[in-house]
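1. what follows is a predicted protein model with its sequence.
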Amino acid sequence: AQSVAQPEDQVNVAEGNPLTVKCTYSVSGNPYLFWYVQYPNRGLQFLLKYITGDNLVKGSYGFEAEFNKSQTSFHLKKPSALVSDSALYFCAVRPSTSGTYKYIFGTGTRLKVLA
Amino acid sequence: EAQVTQNPRYLITVTGKKLTVTCSQNMNHEYMSWYRQDPGLGLRQIYYSMNVEVTDKGDVPEGYKVSRKEKRNFPLILESPSPNQTSLYFCASSLSWDRVTLQPQHFGDGTRLSIL
């Protein structure tokens, strides 16, 4: 079965430190990968995507992610965390299998940045 | 302002009483979708639509119906709601669905449904 795993329910990091939010996937074919962020009482907001090309993708608010095909991972990173980065983060994948237009989301990781 | 609008934002209702959650986007997007968000389960796709009159099931379609008669609207219908459909629902849209021009989804602010 195709799936996305976010192994950490919560990640705590001190302000100014680098942060990593992990995502691994299991899909057939080459995946299209996304990261979204959700603030309280709001819908999800797009951060970045990987479709093809350079494995290091840069996105909004200083976030970046690295696509690693051999490890089937797409971890979200930021060099220096801000308190305002505290939110719920979702990894999502759309399999590239012909005729498949579904999206599969992970269970989410709550990021808490401590002042 | 470019947006996805869902209504209502909150609804408490009873088992078996048909309800419709509306979704409208003003960005001329082709792809629209419905998700439900449950604690510990993340977002799960209910239905999606690639264009007018083209819809398909996501991973959790049971108990739901959709229609896409106009490009901008994609209502979610619960014909006989049950308590296990109590959830936070999100509508989303994206400009394209094909892999060459794949664009991210824009999400509405959610509809919290409670079915007693």
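-> Nice, I can see it.
2. what pairs with the nearest residue to B:Y48 once chain neighbours are set aside across the strands?
-> Spatial nearest neighbour of B:Y48, chain neighbours left out: B:S33 (4.1 Å); criterion: Cβ to Cβ, 6 or more residues apart in numbering or on different chains. Just so you know, the C-beta spots here come from the backbone N, C-alpha and C atoms, and that holds for glycine as well. Judged by DSSP bridges, the bridge partners of B:S33 are B:Y48, B:A92.
3. what's the neighbour count on B:S33?
-> If you count neighbours by other Cβ atoms under 10 Å in any protein chain shown, B:S33 ends up with 28.
4. go ahead and confirm it touches B:S49.
-> Yes: contact criterion Cβ atoms under 8 Å: B:S33 and B:S49 qualify, at 7.2 Å.
5. quick one: contacts for the residue nearest to B:Y48?
-> Residues in contact with B:S33, defined by Cβ atoms under 8 Å, 6 or more residues apart in numbering or on different chains, are A:Y103, B:Q45, B:I46, B:Y47, B:Y48, B:S49, B:G58, B:F74, B:C91, B:A92, B:S93, B:Q105.
6. which ones are touching the closest residue to chain A within chain B?
-> Distance from chain A to each residue of chain B (Cβ to the nearest Cβ) is smallest for B:F107, at 3.2 Å. By Cβ under 8 Å, 6+ apart, the residues touching B:F107 are A:Y36, A:G43, A:L44, A:Q45, B:V4, B:F90, B:C91, B:A92.
7. nearest to B:K17 among those residues?
-> B:C91 (21.0 Å; Cβ to Cβ).
8. let's see the pLDDT reported for the residue sitting nearest the centre point of chain B.
-> The C-alpha lying nearest the average C-alpha coordinate of chain B belongs to B:W34 (Cα atoms, centre = their mean; 2.5 Å). Note for B:W34: predicted pLDDT of 98.
9. what do you get for A:S98?
-> 66.
10. how much space between the closest residue to chain B within chain A and A:K77?
-> Closest to chain B within chain A is A:G43: 3.2 Å, counting by Cβ to the nearest Cβ. Going from A:G43 to A:K77 by Cβ to Cβ, to the nearest Å gives 24 Å.
11. secondary structure class for A:S84?
-> helix (DSSP: H, G, I helix; E, B strand; the rest coil).
12. from B:P83, how far out is it?
-> 37 Å.
13. can you pull the residues of chain B lying near chain A?
-> Within chain B, the positions adjacent to chain A are B:4, B:31, B:33, B:35, B:40-45, B:48, B:50, B:56, B:58-59, B:90, B:92, B:97, B:99, B:102, B:104-110 by Cβ under 8 Å from any Cβ of the partner chain.
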